[in-house]
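1. Based on what follows, work out the 3D shape:
(chains A and B)
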Amino acid sequence: MYQQKDFVLSVEGLTVSFDGFKAVNNVSFYIEEQEIRVIIGPNGAGKTTILDLICGKTKSTEGSIKFKGKELTKLREHEIVHAGVGRKFQNPSIYEDLTVFENLELSYPKGKKVWGALTFTRDQAVIDKVNEIAEMIFLKEMLQSKASLLSHGQKQWLEIGMLLIQDPELLMLDEPVAGMSVSERKQTAALLQKITQDRSVLVIEHDMHFVEEIADRVTVMHQGQVLSEGSMDHVQSDPKVIEVYLGH
Amino acid sequence: MLQSKFKSLTPRNDVLSFVVLAVLLLVLLPLLFDIFRLNLIGKYLTFAFVAIGLVLSWGLGGILSLGQGIFFGIGGYAMAMFLKLEASTPENTAIQSTPGIPDFMDWNQLTALPWFWEPFHSFGFTLVAIIVLPAIFAYIIGAAMFKRRVGGVYFAIITQAIAAILTILIIGQQGYTGGVNGITDLRTLLGWDIRTDSAKYILYFVNAILLLAVLVAAQYIRKSKLGRLLVAMRDSEDRVRFSGYDVDNYKIFIFCIAGIFSSIGGAMFTLQVGFMSPSLIGIVPSIEMVIFAAVGGNLSIFGAVYGALIVNWAKTILSESYPEVWLFAMGALFIAVVLAFPKGLAGLYETYLQPKVDKLLDKKLKKDKAE
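-> Residues are numbered from 1 along each chain as shown, chains lettered A, B, ... in the order given. Sure, this is the predicted structure:
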């Protein structure tokens, strides 16, 4: 049996049913410190639902999600964030009416309570941090532009930047390169390589080249269940996976 | 540090808007109009308090309340109850079968003052109630809705239903509330006759200064991180939530603030107009209040004041000559605003006038520097 403390995230027997339909059915997996885990699988396999369950957007029906030994299923969304879990959504969700600077500033881990937000001052530490992150996500020149003016790829980077400024221990990314041009994709891969160094990362992705490039281990899901798990090579040669992707 | 914070709170255009409005309210209008008209303007301005609250909650935060009359009524009734008790001395009410209680209670065969009227003998309690009661009420409504993730249209409908319920309750409980007539025949405030012209002048200025103070508070909220968070919530609520904010609390907070502003407006209405009735808190007045904010521009706290002034002015003029037309005109106005200029008067100003004003200011500043 594994020692619990070795894992950043342990998901055990996780199940959620929507009116009897089990979108995620008895799923278990474990993520180690500094590991990059990619979840792949056909549409409707329950990949995004897993992220929803971990970050508290959806409540599980059964099972447990432990983050550094702490049970997440009972916590509220913002408490999960404060515990150290950050999540990027599939469609870039940013604040279109605010500037890039303001977008990043709102994710800065200070002044998160009502009173704190009322009395928050933009001090040098905040400005420095925002500049540092903006540099990283290639948006240094755009800090004072409205976020609605960014391209699709830039919006994705901005959202990744908003997560970085939170500095989560577990970073969850839902299709971070979807809809990006080839050059943007390359930049993103480099960016992800850089930002994944000090933390554990859980990624959902369809692009197999991209998966190969970044994944330590891959979990394949099908119809709400884990089909196979292991290195990319192992997964690709698994007959069950081949059956699902190529069969019928 | 402090200075830079002050600067970030007061962009040049906002300072200009504030000064222009202050001059208009404190100097121009009092010089231009006699006390009858000025008192009417004072009445219109009490609705501006509500409109400013709506700019914060609806314009910035995307929380549309169609029941702000509730809070206008809470403040208005609290003030009216105090004034009514002061007017109902045993000497003044000697002809009643129970002297010393408000006249409408006597007509409804009540023989003692209801318990919830008792604290309104105290002016201090009344002032506190005008601030605290709407906050408590807004907190209860807000917590019940936002914690259950009720928002958008559903929230609007429920606030409207609450406004309707409150109206029905007040009308039904005539003996306790004055019923459909409301609380009338208010005379003095701490012995000071509020019906005289000089009192009306003073109340107008008290009202105008309170309004400017509320504008300052609103500007602070708008320019704080909380203001940016409200905009962020309107754009992408989930992103805010998963950035570690308890979104529900922010919504409750801004709804409470909007409620408090409205309540202050209601109290000033009672003082200046001399009565309070359910006709000011029901569905129609609550929707009218939203229209004031929409016409002024639902993103501009200054626009809200002009919206309240202009729409009410139009209402008075139109309903003096064609009373039956007013509701249609109001509906048409709302449709026109939403379709043709969704940012209201403030939007028109920003598009057409502000660039010119900016140019002028730049020129002036350069000249000053050169000298």
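2. Determine the set of other helices and strands touching the strand or helix carrying B:Ile317.
-> Element membership of B:Ile317 [criterion: DSSP states H and E] is helix B:301-321. Other elements packing on helix B:301-321 under the criterion 3 or more Cβ pairs under 8 Å, 6 or more residues apart in numbering or on different chains; DSSP states H and E are helix B:12-23, helix B:35-54, helix B:197-223, helix B:283-296, helix B:326-340, helix B:344-348. Yep, even glycine has a C-beta here, placed from its N, CA and C like the rest.
3. Count the neighbours of residue 8 for me.
-> You didn't pick a chain, so chain A it is. Neighbours of A:Val8 under the rule other Cβ atoms under 10 Å in any protein chain shown: 22.
4. meant chain B actually
-> By other Cβ under 10 Å, neighbour count at B:Ser8 equals 12.
5. And for B:Tyr220, the neighbour number?
-> Neighbourhood size, B:Tyr220 [other Cβ under 10 Å]: 14.
6. B:Phe292 now?
-> 28.
7. go on, A:Lys155?
-> By other Cβ under 10 Å, 22 other residues sit near A:Lys155.
8. right, and it touches A:Ile94 too?
-> Yes: counting by Cβ atoms under 8 Å, A:Ile94 is a contact partner of A:Lys155 at 5.5 Å.
9. shared neighbours of these two, which are they?
-> A:Ala147 (Cβ atoms under 8 Å, 6 or more residues apart in numbering or on different chains).
10. could I get the helices and strands packed on helix B:301-321 as JSON lines with mean pLDDT and distance to chain A?
-> Supplementary listing: the helices and strands packed on helix B:301-321 in JSON lines, determined by pLDDT from 0 to 100; distance: least, Cβ to the nearest Cβ, whole Å:
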{"stretch": "helix B:12-23", "mean pLDDT": "89", "distance to chain A": "17"}
{"stretch": "helix B:35-54", "mean pLDDT": "95", "distance to chain A": "16"}
{"stretch": "helix B:197-223", "mean pLDDT": "94", "distance to chain A": "7"}
{"stretch": "helix B:283-296", "mean pLDDT": "92", "distance to chain A": "18"}
{"stretch": "helix B:326-340", "mean pLDDT": "85", "distance to chain A": "19"}
{"stretch": "helix B:344-348", "mean pLDDT": "87", "distance to chain A": "14"}
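11. of all these, which lies closest to A:Lys70?
-> Closest to A:Lys70 of those, according to Cβ to Cβ: helix B:197-223, at 34.9 Å.
12. How about the closest one, which residues are buried there?
-> For helix B:197-223, the neighbour count (16 or more other Cβ atoms under 10 Å in any protein chain shown) marks B:199-200, B:203-204, B:207-208, B:210-211, B:214-215, B:218-219, B:221-223 as buried.
13. so how far is the helix or strand following it off the chain centroid?
-> Next in sequence after helix B:197-223, counting helices and strands by DSSP H and E, comes helix B:225-235. From the chain centre to the centre of helix B:225-235 is a distance of 22 Å (Cα atoms, centre = their mean, to the nearest Å).
14. Any residue of the helix or strand just after helix B:225-235 touching chain A?
-> Later in the chain than helix B:225-235, the nearest helix or strand by DSSP H and E is helix B:237-241. Yes: applying Cβ under 8 Å from any Cβ of the partner chain, one finds helix B:237-241 touching chain A at B:238-241.
15. list the buried ones in helix B:237-241?
-> B:237, B:239-241.
16. Show me what it packs onto, helices and strands only.
-> helix B:225-235, helix B:247-273.
17. Any idea how many residues pack against residue 56?
-> Chain wasn't specified; assuming chain A. A:Gly56 has 23 neighbouring residues, counting by other Cβ under 10 Å.
18. try chain B instead
-> There are 26 residues near B:Leu56, going by other Cβ under 10 Å.
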